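> I'd like to go over a predicted model; first the sequence, then the structure.
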Amino acid sequence: EDQVTQSPEALRLQEGESSSLNCSYTVSGLRGLFWYRQDPGKGPEFLFTLYSAGEEKEKERLKATLTKKESFLHITAPKPEDSATYLCAVPLRNDMRFGAGTRLTVKP
Amino acid sequence: GAGVSQSPRYKVAKRGQDVALRCDPISGHVSLFWYQQALGQGPEFLTYFQNEAQLDKSGLPSDRFFAERPEGSVSTLKIQRTQQEDSAVYLCASSLATYQKAFFGQGTRLTVV
């Protein structure tokens, strides 16, 4: 069965404390892996798409990487404004299958 | 418009009442999705449109849920005889084509009392 699992469920960091979020998937015929950021009361906002193992993409303090079984979202020297829920998703036949998300809190 | 617009932002319905949620996708986007998001969970797929055709409605939880996109643009998600378990945030998303990044609206928070 196609599954997307994110860990940890919640992560609390001090400002400047780097860490990584994990997204593991079991999908046959991967057609890309998407990362989104969701702030409270808002819809998910697109961050990255990765298509093949070994691919990396960066945006400010975020870097996403992809292997054949999982993706990591690395956060370098985070700031309080990086606090949000980070969702990963994989496209299936007609929909996007989302993980439950990692709720990140960055304390000043 | 500049983004995906959903209305209303908040809806309180009495149990048994019918509700209609509206989604205005980004102009020109072929694909339109509806998702349901419970508190602390990721979005769960409900249904998918390609232009006006509803190609997948496998995620609709019961026959009380109905969605349409008659002219291939605006979409409406209708829930009949609402139940407390229908309380959730309903998200609409659109994309240029299948497997491309999706743009989400702000969602409609439905509370059934």
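Thanks, I have it.
> and residue A:81, helix, strand or coil?
Following DSSP: H, G, I helix; E, B strand; the rest coil, residue A:81 is assigned to helix.
> try residue B:85
Applying three-state DSSP: residue B:85 is helix.
> what sits against it?
residue B:112 (Cβ atoms under 8 Å, 6 or more residues apart in numbering or on different chains). For every residue, glycine as well, the C-beta is placed using N, CA and C.
> I'd like to know how far it sits from chain A.
19 Å (Cβ to the nearest Cβ, to the nearest Å).
> Same question for residue B:10.
10 Å.
> so that residue bridges to which residues?
Under the criterion DSSP bridges, residue B:10 forms beta bridges with residue B:109.
> Could you pull up the contacting residues of residue 90?
This is for chain A. A:2, A:4, A:25, A:27, A:30-34, A:96-97.
> To clarify, I was referring to chain B.
With Cβ under 8 Å, 6+ apart, residue B:90 has these contacts: B:6, B:21, B:34-37, B:46, B:77, B:107-108, B:110.
> What is the nearest of those residues to chain A?
residue B:107 (5.3 Å; Cβ to the nearest Cβ).
> so how far is residue B:10 from that closest one?
Separation of residue B:107 from residue B:10 (Cβ to Cβ, to the nearest Å) stands at 10 Å.
> and stretch A:17-33, which residues are buried?
A:19, A:21, A:23-25, A:27, A:30, A:32-33 (16 or more other Cβ atoms under 10 Å in any protein chain shown).
> what subset of these is also close to chain B?
Restricting the buried residues of stretch A:17-33 to those near chain B by Cβ under 8 Å from any Cβ of the partner chain leaves residue A:32.
> Nearest to residue A:59 among the buried residues of stretch A:17-33?
residue A:21 (14.3 Å; Cβ to Cβ).
> What's the first helix or strand after the worst-scoring helix or strand of chain A on mean pLDDT?
Lowest on mean pLDDT, DSSP states H and E among the helices and strands of chain A sits strand A:96-98, with a mean of 88. Per DSSP states H and E, the first helix or strand lying C-terminal to strand A:96-98 is strand A:102-107.
> and the contacts of residue A:90 as CSV, adding secondary structure?
Below are the contacts of residue A:90 laid out as CSV (three-state DSSP):
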residue, secondary structure
A:2, coil
A:4, strand
A:25, strand
A:27, coil
A:30, coil
A:31, coil
A:32, coil
A:33, strand
A:34, strand
A:96, strand
A:97, strand
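> Closest one of those to chain B?
residue A:31 (4.9 Å).
> show me what contacts the closest one?
With Cβ under 8 Å, 6+ apart, residue A:31 has these contacts: A:51, A:90-91, B:99.
> Secondary structure, pLDDT and distance to residue A:66 added to those, as CSV?
Listed next are the contacts of residue A:31 as CSV, based on DSSP: H, G, I helix; E, B strand; the rest coil; pLDDT from 0 to 100; distance: Cβ to Cβ, whole Å:
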residue, secondary structure, pLDDT, distance to residue A:66
A:51, coil, 92, 8
A:90, strand, 92, 11
A:91, strand, 88, 14
B:99, coil, 81, 15
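> Most neighbours out of these, which is it?
Counting neighbours by other Cβ atoms under 10 Å in any protein chain shown, residue A:90 leads these with 23 neighbours.
> so how far is stretch B:96-105 off the chain centroid?
14 Å (Cα atoms, centre = their mean, to the nearest Å).
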